[in-house]
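Enquirer: I would like the atomic coordinates for the input below:
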Amino acid sequence: MWFIIDDQMADDRRIRRLPLATVGLWVKLCVIHSKGVSMQSKDPSAYPGHFDQLDLKDAGGTMRQLQQLIDAGLMEEHDGGWRPVYAEGICREPRVLTEEQREARRKAGSKGGRRKAANQKAKQTSGDLPENSQANGEQNGSKPSSKLLGDSQAKTWHKTDTYTDNPSPTPPASTSKQTDTPDAGFDHFAEAYPGSVGAKGRKTEAEARALYAAIAGNPVELTRLQTALRRYKHAVNDGQIRSGHIPRLNTWLRDQWKTWAPEPVTPTPRHKHTWNCEHVHQLMDPHEDEYDHTGSLRNGNPSEWWKACQACADELNKETSKEKQ
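Expert: As a prediction, this is how the structure comes out:
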């Protein structure tokens, strides 16, 4: 996948108002995000769809610079992190090709290569023919070899994962997308791990597979695990952890991954409106004199005022439920 910057970017007023270091940080973060999206197309759990504060720090940026990008409309908050905003005239959003499109382009490129080799051979052969053969061909109404060569030339496809203006050939009807096996998530995870996994089928690999399956059963924990792996790889690449000190995957999953994972986010409990909550009072207090306060809730005979407040609370709870849906 390619991160595409518009050639008019330098003249855009949003870019010109930013410090040069902040623009450089923006490019770096966009590249990190594009790479993550490319990984996500192969394994949805490989990238959460946004970068976090640790990624910002690894890119050499500060929260002040990030806020400058947000104020300029080049970054936005997303699901507890941040992601780029692909602004018109500055950059273009990359499009990830599907596996069928990539395979079709590879096949088309291979055919184009064979055509090119055949055309070159035909050109060499035609060069050895007598010079008057071309004139004779024109007199007989046939096309000269050079023109035939030009007609036979075919466009080859760019063999990249980035969307281009060239139309993608339609894959064969018999080709169907292969579904991932149940263990595909572990295989992608093990491939990304910077240390050893162990021989397939052996005790260490089987234990790592079982530990991963137990964590992946909870989507929230799986997201934390993916973030932990990204942080751990950053630490290894930066030399904070020497290659000889990287444990096997089963040991890391059993004892260490949580030390690299972000703290679990506790969801804020949803407020349930009651007859006596502040939201109901804000709506009902201006009309309190319109209702009778005589009655006792304890004796099973609530007042008209209580009934009206409770009805208001029920209505607010219904509206909140609709918004959540």
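Enquirer: just the pLDDT for residue 225.
Expert: On pLDDT, residue 225 comes in at 93.
Enquirer: again, but for residue 162
Expert: According to the model, residue 162 scores 45 on pLDDT.
Enquirer: quick one: stretch 67-84 to chain centroid distance?
Expert: 15 Å (Cα atoms, centre = their mean, to the nearest Å).
Enquirer: same deal with stretch 5-21?
Expert: For stretch 5-21 - counting by Cα atoms, centre = their mean - the centre lies 25 Å from the chain centre.
Enquirer: residue numbering should commence at 37 henceforth.
Expert: All right, first residue 37 from here; so that's stretch 41-57.
Enquirer: that one: end-to-end distance?
Expert: 17 Å (Cα to Cα, to the nearest Å).
Enquirer: same check on stretch 74-94?
Expert: First-to-last distance for stretch 74-94 - Cα to Cα - comes to 20 Å.
Enquirer: what do you get for stretch 90-105?
Expert: 17 Å.
Enquirer: can you check stretch 230-242 too?
Expert: 18 Å.
Enquirer: quick check: buried residues in it?
Expert: For stretch 230-242, the neighbour count (16 or more other Cβ atoms under 10 Å) marks 231, 233-234, 241 as buried. For the C-beta atoms, the positions are set from N, CA and C on the backbone; glycine is no exception.
Enquirer: which helix or strand contains residue 259?
Expert: helix 255-273 (DSSP states H and E).
Enquirer: next, the buried residues of that helix.
Expert: 257-268, 270-272.
Enquirer: between the residues you listed, which is closest to residue 84?
Expert: residue 259 (5.7 Å; Cβ to Cβ).
Enquirer: quick check, that closest one in contact with residue 84.
Expert: Yes. Residue 259 is within contact range of residue 84, at 5.7 Å (criterion: Cβ atoms under 8 Å).
Enquirer: quick check: neighbours shared by the two?
Expert: Counting by Cβ atoms under 8 Å, 6 or more residues apart in numbering, residue 259 and residue 84 have no contacts in common.
Enquirer: the stretch 187-336 of the chain: helices as residue ranges?
Expert: Secondary structure of the stretch 187-336 of the chain (DSSP state H, counting those that start in this stretch): helices located at 220-228, 239-252, 255-273, 285-287, 293-296, 314-320.
Enquirer: list the contacts of the fifth one.
Expert: What it means is helix 293-296. Residues contacting helix 293-296 (Cβ under 8 Å, 6+ apart): 251, 260-261, 263-265, 267-268, 271.
Enquirer: can you show me the CA trace of it as CSV?
Expert: Listed next in CSV are the C-alpha coordinates belonging to helix 293-296 (Å, rounded to 0.1, in the frame of the first residue of the first chain):
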residue,chain,number,x,y,z
TRP,A,293,2.1,-9.6,27.4
LYS,A,294,0.0,-7.8,29.9
THR,A,295,3.0,-5.7,31.0
TRP,A,296,3.1,-4.3,27.4
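Enquirer: buried ones in it, by neighbour count?
Expert: Quick answer for helix 293-296 (16+ other Cβ under 10 Å): 293, 296.
Enquirer: how far does it sit from its chain's centre?
Expert: That offset, for helix 293-296, works out to 23 Å (Cα atoms, centre = their mean).
Enquirer: ok, now stretch 253-265?
Expert: The answer for stretch 253-265 is 15 Å, by Cα atoms, centre = their mean.
Enquirer: my read is that residue 252 contacts residue 221, right?
Expert: Yes. Assessed by Cβ under 8 Å, residue 252 is found in contact with residue 221 at 5.9 Å.
Enquirer: which helix or which strand is home to the residue nearest in space to the middle of the chain?
Expert: What sits nearest the mean C-alpha location of the chain, by Cα atoms, centre = their mean, is residue 73, with 3.0 Å. Under the criterion of DSSP H and E, residue 73 resides in helix 56-78.
Enquirer: got a list of contacts for that helix?
Expert: Taking Cβ under 8 Å, 6+ apart as the rule, helix 56-78 contacts 37-39, 41, 51, 54, 82-83, 85-87, 91-92, 95-97, 101-102, 104-105, 110-111, 118-120, 127, 130, 132, 197, 224.
Enquirer: how close does residue 267 sit to residue 253?
Expert: Distance of residue 267 to residue 253, given as Cβ to Cβ, to the nearest Å: 22 Å.
Enquirer: try residue 128
Expert: Using Cβ to Cβ, we find residue 128 at a distance of 38 Å from residue 253.
Enquirer: now residue 130
Expert: The value you get for residue 130 to residue 253, if Cβ to Cβ is used, is 32 Å.
Enquirer: can you check residue 352 too?
Expert: Distance from residue 352 to residue 253, counting by Cβ to Cβ: 36 Å.
Enquirer: quick one: which of these two has more around it?
Expert: Set side by side, residue 352 and residue 253 show more neighbours around residue 352, with 18 against 9, by other Cβ atoms under 10 Å.
Enquirer: that one belongs to a helix?
Expert: Yes. With DSSP: H, G, I helix; E, B strand; the rest coil as the criterion, residue 352 is part of a helix.
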